[in-house]
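>>> No sequence on hand, only this structure:
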Ligand SMILES: NC(=O)C1=CN([C@@H]2O[C@H](COP(=O)(O)OP(=O)(O)OC[C@H]3O[C@@H](n4cnc5c(N)ncnc54)[C@H](OP(=O)(O)O)[C@@H]3O)[C@@H](O)[C@H]2O)C=CC1
Ligand SMILES: C[C@H]1O[C@H](OP(=O)(O)OP(=O)(O)OC[C@H]2O[C@@H](n3cnc4c(=O)[nH]c(N)nc43)[C@H](O)[C@@H]2O)[C@@H](O)[C@@H](O)C1=O
């Protein structure tokens, strides 16, 4: 990928897409093309085909998707399946038709079986039943992996798949119900501190284990792999370290300086008990994360305050 290559970042206004654009710009890539969903709805086959034929991108980062936390995944099950299948099928097929040199598809750690051995190795894909709360999303993401493999096998396309662990960072979604746990807790602890509320509610038992990667680190890994990896097999992207949701809540509480108590609402789902990525493949290629969790939470909280808190 040379510095003047034409690179399409799908989903450039999202947390991950915006981090990829920042990283590309910082490294001197000068020909990045983007479209908002209001300009190009990736669910629309003809619109996607026309866009690829007119623009002829050479490289594609596919970071556009219907995304959300455990409750959003479990509530909007049809949308998570339908929209993600349409986006992936349209973009990957058009990339094939227009001869894109290389495409990176972003999946998720939820593609692995709910009770797979830990840490999750890439070869555990399709070896057991999925976590029910996000099965539709996971099935769509597995279809994306299989599209990349199939277009590679049949047509020789250089389409690669990466599986990020749970992410957080700048431009995250802070919706009270639909977001992921880390932004949800930043917002809830902040609002409780501001309003003088005595306790903050954490969904579930607090015992599930999760791994968290700062989105700017993920973006760096994506560029690294785009430049150096062209294999058929998927690659996990994570830190290789996890913590319980209770421990995460205590870390967010400390960063936000909330003094009150925690309450666990066990009527809310826990989801998968643990999903720690095996990152040995990524490490052996020469990439490791740099932002540790406490530092990353502080950066995300500063971004949240700058963008979401009324002035
Ligand atoms: N967040 C996380 O914890 C994780 C995310 N991932 C993956 O990373 C990728 C990016 O996620 P993230 O940045 O968090 O998500 P965001 O919700 O922040 O961003 C998603 C982007 O997708 C775009 N998009 C959604 N639907 C359409 C559509 N129909 N047409 C065109 N664009 C569309 C949106 O564009 P617009 O703003 O213009 O509407 C939005 O900017 C996804 O593939 C996700 O599955 C993987 C693991 C964990
Ligand atoms: C990235 C990943 O994201 C989703 O899976 P998940 O890992 O379960 O993600 P989550 O961040 O929503 O929850 C993590 C844990 O945290 C607990 N939890 C506590 N309190 C809040 C809370 O306030 N909000 C949320 N969302 N969770 C909370 C929650 O009960 C759960 O035990 C997938 O659907 C799928 O889309 C996917 O790939």
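Yep, that arrived. On a predicted model such as this, the values are computed, not experimentally measured, just so you know. Ligands and ions are numbered 1, 2, ... in the order given.
>>> Find the nearest non-adjacent residue to the one residue in the chain that gets nearest to ligand 2, please.
Nearest residue of the chain to ligand 2: residue 69, at 2.9 Å (CB to the nearest ligand atom). For every residue, glycine as well, the C-beta is placed using N, CA and C. Distances taken as CB to CB, 6 or more residues apart in numbering put residue 180 closest to residue 69, at 4.3 Å, once the chain neighbours are dropped.
>>> now for the helix or strand hosting residue 94, which elements pack on it?
Taking DSSP states H and E as the criterion, residue 94 maps to helix 77-97. Packed against helix 77-97 by the contact rule (3 or more CB pairs under 8 Å, 6 or more residues apart in numbering; DSSP states H and E) you find helix 45-55, strand 59-62, strand 102-106, helix 135-155.
>>> dump the residue contacts of residue 77.
For residue 77, the contact set (CB atoms under 8 Å, 6 or more residues apart in numbering) comprises 135, 136.
>>> Distance-wise, check residue 5 relative to residue 56.
According to CB to CB, to the nearest Å, residue 5 and residue 56 sit 11 Å apart.
>>> which of these two has more neighbours?
It is residue 5, of residue 5 and residue 56, that has more neighbours when counted by other CB atoms under 10 Å, with 16 against 13.
>>> so which strand or helix has that one?
Under the criterion DSSP H and E, no helix or strand holds residue 5.
>>> ok, it touching residue 30?
No: counting by CB atoms under 8 Å, residue 5 does not reach residue 30; the two are 9.1 Å apart.
>>> what about the helices in the chain?
With DSSP state H as the criterion, the chain has helices at 15-26, 45-55, 70-75, 77-97, 135-155, 181-195, 215-228, 245-256, 280-285, 293-308.
>>> tell me what the second one is packed against?
Same thing as helix 45-55. Applying 3+ CB pairs under 8 Å, 6+ apart, we find helix 45-55 packed against helix 77-97.
>>> The first one now?
If contacts are counted by 3+ CB pairs under 8 Å, 6+ apart, helix 15-26 sits against strand 7-10, strand 32-33, strand 166-168, helix 215-228.
>>> Could you report the pLDDT at residue 278?
pLDDT for residue 278: 98.
>>> ok, the residue in the stretch 1-150 of the chain that ligand 1 sits nearest to - contacts?
For the stretch 1-150 of the chain, the residue closest to ligand 1 is residue 14, as judged by CB to the nearest ligand atom, at 2.0 Å. When contacts are counted by CB under 8 Å, 6+ apart, residue 14 touches 63, 64, 67, 171.
>>> tell me the two of the residues you listed that are most distant?
Using CB to CB, the two most remote members of those are 64 and 171, lying 13.8 Å apart.
>>> residues near residue 101, how many?
Residue 101: 14 neighbours (other CB under 10 Å).
>>> dump the residue contacts of it.
5, 58, 59, 158.
>>> When you filter these down to buried only, what's left?
Among these, those classed as buried by 16 or more other CB atoms under 10 Å are 5, 58, 59, 158.
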